[in-house]
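> A structural model of the following input is requested.
(chains A and B)
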Number of protein chains: 2
Amino acid sequence: MKQRIVEILRTGEPQTSVTIQGWVRTKRELKEFTFVEVNDGSSLANLQIVLNPDLPQYTEILKQLNTGASLEVSGILVESPAKGQRIELNASEVKLYGESDPETYPLQKKRHSFEFLRTIGHLRGRTNTFGAVFRVRNAAATAIHQFFQERGFLWVHTPIMTASDCEGAGEMLAVTSLNLQDIPRLENSNQVDYGKDFFGKPAYLTVSGQLEAEVMAMALSDVYTFGPTFRAENSNTSRHLAEFWMVEPEMAFCDLTGDMDLAEAFLKYIFKFVLEKCPEDMEFFNQRIDKTVLETANNIIDNQFERVTYTEAVALLKKADKKFEFPVEWGLDLQSEHERYLAEELFKKPAIVTDYPVEIKAFYMRLNDDNKTVAAMDILAPKIGEIIGGSQREERLDILQRRLEQQGLSIEDYWWYLDLRRYGSVPHAGFGLGFERLVQFMTGMSNIRDVIPFPRAPLSIDF
Amino acid sequence: MKQRIVEILRTGEPQTSVTIQGWVRTKRELKEFTFVEVNDGSSLANLQIVLNPDLPQYTEILKQLNTGASLEVSGILVESPAKGQRIELNASEVKLYGESDPETYPLQKKRHSFEFLRTIGHLRGRTNTFGAVFRVRNAAATAIHQFFQERGFLWVHTPIMTASDCEGAGEMLAVTSLNLQDIPRLENSNQVDYGKDFFGKPAYLTVSGQLEAEVMAMALSDVYTFGPTFRAENSNTSRHLAEFWMVEPEMAFCDLTGDMDLAEAFLKYIFKFVLEKCPEDMEFFNQRIDKTVLETANNIIDNQFERVTYTEAVALLKKADKKFEFPVEWGLDLQSEHERYLAEELFKKPAIVTDYPVEIKAFYMRLNDDNKTVAAMDILAPKIGEIIGGSQREERLDILQRRLEQQGLSIEDYWWYLDLRRYGSVPHAGFGLGFERLVQFMTGMSNIRDVIPFPRAPLSIDF
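Modelled structure (predicted):
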């Protein structure tokens, strides 16, 4: 029976027969026999195969078993005399599926730079690092669904294509069926004839599912989104992607405290789940990529998050015995250096900063009674900085209308969003988590393009 | 403590105190007291609240408790004397959150058409039918993740934006950051200057993640996608969406038989999961929407799927004592009427048709030894028709290249896809399931726009 290598390494009993399939990582020919390390993507560790010269067609097979070749091996598990592995497989039958020419196969034993590996995105999943990234990514994604499903939240699919430049947030990518070579124009005008476009009007890729998630929460109480979102920002940095996955829970009958409680439990849950599910992969990241990732994970899991208001945070920053590059002043947004000081140096654990000045936050955040701040919250983690941003939403129709107007947004465009406040409005709250940022920080990978299988960024849309 | 209504209805004990929150569905004023039906989206059934006139501000509160209003109620659970409900809530405290003007609230007690409800997509989730649809949708999505995760598959996120018109399948929607009003042109030419576009070349919304899922399977063995896909088809039908979610597993070291085994287990698992998770909702669909949905679900769960080759299917159709509208001839694709005859009338259970003529199937499907058919499979279900399509993929480099050429596709564009056959190629297979089609058939909803929260179709992109 076919078995995954991860299971064999964990629980395979000596003297049992198994058949495995995978790809050759390395081959080591000795006089008496040959060791072949085989990986099937189910674990970081390879299974060591022992080939004896009495194997049929030994010499012929050996020639073909180069790095990258695919094969099936049947044999008997035996205790391994080698250090660091419990078990190995004595091959009695080897079937080669596909060869891999050592002259041209781009993934040789030597270490490749992540930049180079990005150019062979169709093969990089076969390396130790990317195998580990994709297993951790899967575990984190699974943790997210499991966390919400256990709590009775419904996964809702908010639209990818939208006609509204919702939050006016960032630049949006347009979607069209028009022929760019020959854009139709309105009669007697030079204006684009959107009537001929697929949707009959300008359409964009979503930057957030929040407003639509609010729609769903106003009917189903507790919901979450987990889907792709898009930004056309022309920033070629190690922390930005044009296409990334976002998680956005939205809870009816919930205030900012409930929002913070959920977000804190959520983060702890994901990190704990991943440490339990992928211990070897996380150990690998800690050894090879960033020596602080386990410490950071445990810091998040073990500590009750500090909660301070923005006003308190500003006072603490002013008192800090530290020179900051950017000014600290009530009314200015906190910069990354401020956020990191609070979490890393002052509190030495995750901190939630709440109640930011109304001027620097989005229109939908609930105005506090002081009329100067809104019920927003950002979670800052050591080594990470801001990882979650959320708020209680403005549920009062008149105030929401005023806030829209103040920001120069159109009341008409938001008719349905305002209707939610017109009919059975309730206090509600939610937050957003950028999934790739999470995986990036969890693994310590320095470039966000290395935690998503097929990264999209300015001028970059390969595979 | 706050509790969900679904839990109270199932397990709430008489004489315990609870607090619930939700929206008023109906109010019935009697002389001695008033009944209010409250729903929080967690279940189809409402919780009946009993308001006694000795409640503080009884008359005032009553006036505000109109359909759609939101409230919090604290009180004591008591056994209900009414038929069809185990328990009701004697209110001791009622807090109104948001009113709902009965003069303007669009969702009144009377039955509304689904067409009308589509125009108020921001409120339709508050109806019985759409609450049930979204709960079943969530359960089906959860079943999909759980099925694959239990089997060690990794969820991989394939790209939404792509530069390749992969399968040449259907019309694609373009993505651009160019200003349509003023498209830049190349110097000395009328051609669009894509160098100025976000990706530096034409980009589209994906129609399938399969090819990229194959990349991931060639490193990680067993993977699946579950994400949005797009079609610009200008068909305004009850079965087409421009934006829909698709599930595409891909397994390395797997042939067509393994593919069929997985697909059959997968379908049975989802239907079983949903029946167990949402029995009331499914009962509702069976009573109100389509009297065959439970029968169909059980037919899928209880029967071993019939497996026939396309060649056998054609012979059976020719022998059939039935007039078909479309001709039956070896080499022609099966039409919906043929598929339904096989599943509904002949086998009376789901059937898997395999090994279709090479001419009518995609280039990546594995050529059989007869050189006339490919290792494809379609699963046909009674009342549903085709629900899953899959294939073993062509893993032989030379044959794949020939097939690409025969279909007029560019070998250069597929360099990375061909590389998978160049280095460690393995037999592999997968299938695709349109998620909304599944939910549509599961619930019996006649229009696919009614099983996704915010449907996108030609000229339709509201909310």
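> Report whether stretch A:28-42 contacts chain B.
Yes: looking at stretch A:28-42 against chain B by Cβ under 8 Å from any Cβ of the partner chain, the contacts come from A:D40, A:G41, A:S42. For the C-beta atoms, the positions are set from N, CA and C on the backbone; glycine is no exception.
> Sorry, slip of the keys, the one I care about is stretch A:431-438.
No: residues of stretch A:431-438 contacting chain B under Cβ under 8 Å from any Cβ: none, with a closest distance of 8.6 Å.
> Can you tell me what sits against that stretch?
If you take Cβ atoms under 8 Å, 6 or more residues apart in numbering or on different chains as the criterion, stretch A:431-438 is touched by A:140-141, A:144, A:208, A:210, A:226, A:239, A:241, A:244-249, A:259, A:262-263, A:266, A:270, A:377, A:387-391, A:448, A:451-452.
> Would you mind checking those for buried ones?
When neighbours are counted using 16 or more other Cβ atoms under 10 Å in any protein chain shown, the contacts of stretch A:431-438 contain these buried positions: A:140-141, A:144, A:208, A:210, A:226, A:241, A:244-249, A:259, A:262-263, A:266, A:270, A:377, A:387-391, A:448, A:451-452.
> Same list, these, but only the ones touching chain B.
Restricting those to those touching chain B (Cβ under 8 Å from any Cβ) yields A:A141, A:W245, A:I452.
> Tell me which of those residues fall in strands.
With strands defined by DSSP state E, the entries of those inside them are A:W245.
> And the helices in the stretch 301-450 of chain A?
With DSSP state H, counting those that start in this stretch applied, the stretch 301-450 of chain A shows helices at A:310-319, A:336-340, A:397-406, A:415-422, A:435-443, listed in chain order.
> Which residues in the second one does the neighbour count mark as buried?
Along helix A:336-340, the positions that meet the burial threshold by neighbour count (16+ other Cβ under 10 Å) are A:E337, A:H338, A:E339, A:R340.
> Kindly reformat the residues you listed as TSV and extend each row with pLDDT.
Written out in TSV, the entries for these read as follows (pLDDT from 0 to 100):
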residue	pLDDT
A:E337	94
A:H338	96
A:E339	95
A:R340	94
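> From those residues, pick the one nearest B:K83.
For those, the minimum distance to B:K83 (Cβ to Cβ) is 58.8 Å, reached by A:E339.
> Contacts only, for that closest one.
In this structure, A:E339 makes contact with A:V353, A:D378, A:L380, A:G385, A:E386, judged by Cβ under 8 Å, 6+ apart.
> how about the residues of the stretch 201-350 of chain A near chain B?
Taking Cβ under 8 Å from any Cβ as the contact definition, the stretch 201-350 of chain A meets chain B at A:201-203, A:205, A:212, A:215-216, A:218-221, A:227-228, A:230, A:232, A:234, A:242-243, A:245, A:252-253.
> again, 10 Å this time
Counting by Cβ under 10 Å from any Cβ of the partner chain, the residues of the stretch 201-350 of chain A lying close to chain B are A:201-205, A:209, A:211-230, A:232-234, A:242-245, A:252-254, A:258.
> Buried only: go through those residues for me.
Neighbour-count burial (16+ other Cβ under 10 Å) is assigned, among these, to A:202-205, A:209, A:211-230, A:232, A:242-245, A:252-254, A:258.
> Counting neighbours, which of the residues of stretch A:28-42 next to chain B comes out on top?
Ranked by the number of neighbours (other Cβ atoms under 10 Å in any protein chain shown), these place A:G41 first, at 27 neighbours.
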